[in-house]
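Undergrad: Prediction below, plus the sequence it came from.
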Amino acid sequence: MSAGAPTRTGAEGAGTAAEGAGTAPVTPVVVRLKLALLRNGLRRSGGRRAAYITTAVVVLLFALLQLLGLVALRGNAHALPVVLLLAAVLALGWAVMPLFFPGGDETLDASRLVMLPLRPGPLVRALLAASLVGIGPLFTLVLLAGSVVAVAHGGAAWAVGAAAVLLGLLTCVALARAVATANVRLLSSRKGRDLAVLSGLVIALGAQAVNFGWQRLGAQGLGRLDPVADVLRWIPPASALGAVDSAGRGSYGAAVAQLGLTAGALALLLGVWARTLTRLMTAPDASTLQAAEPGERERGGRAGGLARLLPGGRTGTVMHRSLLYVWRDPKTKAAWVTSLAIGLIVPVFNAVQGTGSPYFACFASGMLGIQMYNQFGQDTSAFWMVALTISSPRDAYVELRGRALALLLITLPYATLVTVVTTAVLDDWPRLPEVLGLSFALLGAMLATGAWTSARFPYSIPQDGYKNVAPGQAGLAWISIFGGMVAAGLLCTPVIAAAIWAGLGPDGAAWSPLLLPAGAVYGAGLTLLGLRLAAPRAAARLPEILTAVGKG
């Protein structure tokens with residue numbers, strides 16, 4: 001099944017592994033490999049270990065809250081529709097999240113095993129078992145167990161529930177691995193990664209659809225889910241939970257049929273996965289880098305027109321490079337499209353629904369401000385060329401300032417547009433100045449904290465594959481982003497307090513227009529302060545930054 005046999009010049013261990021692959025079980029080896037990768041990754045630094053532990057604690061606490069909620073549903077007439085919908089959302093999340101969000105490890109990228117003589121069957125079993133190790137499978141297991149508790153009544157239902165939990169978990173994991181494996185080559189190519197940009201729009205629309213559905217359920221009650229349950233109870237993996245309810249009502253034939261549907265879906269996914277692995281590990285790699293076509297070279301040559309509009313010196317050069325990343329780098333482009341889409345959809349759609357507020361427009365500033373985080377990560381190992389040009393905190397300051405100005409060229413007019421559109425839809429023009437001021441202050445705070453975290457918590461963005469964070473750095477990435485967002489919110493407290501006073505105070509309306517210039521000045525001051533504080537740290541940590549961003 002390999003693309004080529006290992007040469008004799010390689011390590012002796014590789015030959016030994018190849019000889020024993022036909023006799024020694026593969027599954028324990030791959031599982032131990034994943035545990036070793038996780039253990040060694042946590043040993044590298046205390047910060048990474050703290051980030052992983054914090055992420056695990058947060059996820060487990062959320063899972064516990066969900067479990068308590070599901071247990072509380074036991075005996076409710078609408079418990080079945082809720083758990084069926086939850087199972088469907090879990091399956092959808094497992095299919096989509098591994099492609100577009102950080103996570104995973106090297107054992108889940110089967111293309112790295114291409115030189116080993118492994119058969120599809122044992123390899124599928126080994127990778128499936130390795131995929132069951134982690135926080136995500138544990139979270140899913142807790143939710144599926146809670147769903148069984150919510151709908152199981154009687155000994156037969158509990159027996160079917162045990163099988164339902166196992167089948168549901170395996171189906172979710174197999175679905176994620178099959179989808180990820182089928183897209184490894186696609187997402188590692190330039191054109192394929194460009195197509196991934198559309199994922200931001202899909203995720204944004206899906207999240208907003210869930211939000212609207214939740215609002216309708218809150219207004220009309222869980223009874224609205226009953227027609228959905230009649231369909232989902234026959235669609236895997238939700239059908240496994242439907243079998244628990246059927247067994248509790250004495251419909252054993254329906255329970256067997258529903259379990260059979262989930263088992264059949266699992267077998268189908270494993271078969272598709274095995275065939276995809278065979279093609280992946282035997283077909284030539286068509287994603288190698290090719291020379292640019294003449295048309296592309298001509299388009300690149302015309303970039304000088306943009307450069308002429310930018311400031312001179314290092315600032316203009318840095319701005320030009322950052323804007324080219326946004327336009328050409330697939331993963332940077334995907335992040336920008338996602339932020340632009342969500343930043344517009346959330347406030348405007350809520351305003352159209354009549355449930356929004358002009359202050360929802362600040363969501364655009366928050367989403368776009370995230371792009372300032374991990375500025376050096378998009379350079380990957382090429383950051384060494386940037387590092388060579390930084391010899392003092394002043395050089396680091398100009399570098400960070402140029403990146404912030406490039407970001408402001410897009411975010412400032414876009415945040416203003418979203419605020420004006422949201423205010424127009426709600427017809428609440430008196431609040432426009434204070435909302436704009438708050439948006440500008442938040443944007444400035446995000447730029448300030450983003451510059452600091454870029455220097456303090458850099459992480460790599462792999463250019464190949466579907467991961468957005470190098471293995472072992474996912475927890476660090478999430479902690480740095482969310483920690484920076486919380487800090488930005490705290491920095492905006494004075495402007496938030498002034499906006500509240502303007503909305504509630506007896507004389508606040510008269511002072512409301514002043515919040516626009518005050519927020520803009522405050523945001524600009526925060527940005528300058530953040531750049532000043534981040535520059536010395538960046539200049540002093542150039543080797544550490546290069547090591548961190550070069551892992552991908």
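TA: The structure has been received and is ready for your questions. Keep in mind the model is a prediction, meaning the values are calculated, not measured.
Undergrad: quick one, what contacts F360?
TA: 346-347, 350-351, 422 (C-beta atoms under 8 Å, 6 or more residues apart in numbering). From N, CA and C alone the C-beta is placed, and that goes for glycine too.
Undergrad: Now with 6 Å, please.
TA: Neighbour list for F360: 347, 350 [criterion: C-beta atoms under 6 Å, 6 or more residues apart in numbering].
Undergrad: what secondary structure does it sit in?
TA: Reducing the assignment at F360 to three states with DSSP: H, G, I helix; E, B strand; the rest coil gives helix.
Undergrad: Was I right to think A361 contacts V418?
TA: Yes. A361 is within contact range of V418, at 5.1 Å (criterion: C-beta atoms under 6 Å).
Undergrad: Of these two, which one has the most company?
TA: A361 (31 against 26; other C-beta atoms under 10 Å).
Undergrad: Report pLDDT for that one.
TA: Per-residue pLDDT puts A361 at 88.
Undergrad: The one 4 residues further on too?
TA: Each residue has a pLDDT score; the one for S365 is 90.
Undergrad: In what element of secondary structure is L141 found?
TA: helix 135-151 (DSSP states H and E).
Undergrad: Which residues outside that helix are in contact with it?
TA: Outside helix 135-151, the residues that touch it by C-beta under 6 Å, 6+ apart are 56, 59, 63, 66-67, 70-71, 73-74, 79-80, 83, 90, 161, 165, 168-169, 172, 241, 244-245.
Undergrad: Filter the residues you listed down to the buried ones.
TA: Neighbour-count burial (16 or more other C-beta atoms under 10 Å) applied to the contacts of helix 135-151 gives 63, 66-67, 70, 73, 79-80, 83, 90, 161, 165, 168-169, 172, 241, 244-245.
Undergrad: how near is D395 to G402?
TA: 11 Å (C-beta to C-beta, to the nearest Å).
Undergrad: the more surrounded of those two?
TA: Comparing D395 with G402 by neighbour count (other C-beta under 10 Å), the higher total belongs to G402, at 22 against 16.
Undergrad: Spatially nearest residue to that one, not counting backbone neighbours?
TA: Ranked by C-beta to C-beta, 6 or more residues apart in numbering and with sequence neighbours excluded, the top spatial neighbour of G402 is V318, at 2.8 Å.
Undergrad: Make sure the one you found is actually in contact with R401.
TA: No. Using C-beta under 6 Å, V318 and R401 do not qualify as a contacting pair, with a distance of 7.9 Å.
Undergrad: which stretches of the stretch 451-552 of the chain aren't confidently modelled?
TA: Along the stretch 451-552 of the chain, segments meeting pLDDT under 70 span 463-468, 472, 475, 505-509, 552.
Undergrad: Quick one: neighbours of A497, just the number.
TA: Counted with other C-beta under 10 Å, the neighbours of A497 add up to 10.
Undergrad: Please enumerate residues in contact with the one helix or strand it maps to?
TA: Per DSSP H and E, A497 falls inside helix 493-504. Here helix 493-504 makes contact (C-beta under 6 Å, 6+ apart) with 434, 438, 441, 508, 511-512, 515, 519, 522.
Undergrad: Would you map the helices across the stretch 401-550 of the chain?
TA: According to DSSP state H, counting those that start in this stretch, the stretch 401-550 of the chain carries its helices in the segments 432-456, 474-491, 493-504, 508-511, 515-540, 542-549.
Undergrad: what's the fifth one packed up against?
TA: By that I understand helix 515-540. Under the contact definition 3 or more C-beta pairs under 6 Å, 6 or more residues apart in numbering; DSSP states H and E, helix 515-540 sits against helix 393-426, helix 432-456, helix 493-504.
Undergrad: Kindly calculate the angle that it makes with helix 542-549.
TA: Inter-element angle recorded for helix 515-540 and helix 542-549: 100 degrees (by axes from the mean of the first three to the mean of the last three C-alpha atoms, to 10 degrees).
Undergrad: repeat for the second one
TA: Between helix 474-491 and helix 542-549, the angle comes out at 120 degrees (the same axes, to 10 degrees).
Undergrad: So what touches helix 474-491?
TA: The contact list for helix 474-491, computed with C-beta under 6 Å, 6+ apart, reads 48, 51-52, 55, 102-103, 373, 445-446, 449, 453, 457, 459, 469, 526.
Undergrad: CA atoms only for that helix - export them in CSV, please.
TA: This file holds the C-alpha atoms of helix 474-491, laid out as CSV (Å, rounded to 0.1, in the frame of the first residue of the first chain):
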residue,chain,number,x,y,z
ALA,A,474,-3.8,24.4,19.9
GLY,A,475,-4.4,25.0,23.6
LEU,A,476,-1.9,27.8,23.6
ALA,A,477,-3.6,29.4,20.6
TRP,A,478,-7.0,29.4,22.1
ILE,A,479,-5.8,30.7,25.4
SER,A,480,-3.9,33.5,23.8
ILE,A,481,-6.8,34.6,21.7
PHE,A,482,-9.5,34.4,24.4
GLY,A,483,-7.2,35.9,27.0
GLY,A,484,-6.5,38.8,24.7
MET,A,485,-10.1,39.3,24.0
VAL,A,486,-11.0,39.4,27.7
ALA,A,487,-8.1,41.9,28.3
ALA,A,488,-9.4,44.0,25.4
GLY,A,489,-12.9,44.1,27.0
LEU,A,490,-11.4,45.2,30.3
LEU,A,491,-9.4,47.9,28.6
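Undergrad: Pull out the buried positions in that helix.
TA: Of the residues in helix 474-491, those buried (16+ other C-beta under 10 Å) are 474-481, 483-485, 487-488, 491.
Undergrad: ok, now which ones touch A164?
TA: The contact partners of A164, taken as C-beta under 6 Å, 6+ apart, are 240-241, 243-244.
Undergrad: F376 against P458, yeah?
TA: Yes. Counting by C-beta under 6 Å, F376 touches P458, with 5.0 Å between them.
Undergrad: Redo the buried residues of helix 474-491 as TSV? Include distance to L270.
TA: Shown next, in TSV, are the buried residues of helix 474-491 (distance: C-beta to C-beta, whole Å):
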residue	distance to L270
A474	26
G475	30
L476	33
A477	31
W478	31
I479	35
S480	37
I481	35
G483	40
G484	41
M485	40
A487	45
A488	45
L491	50
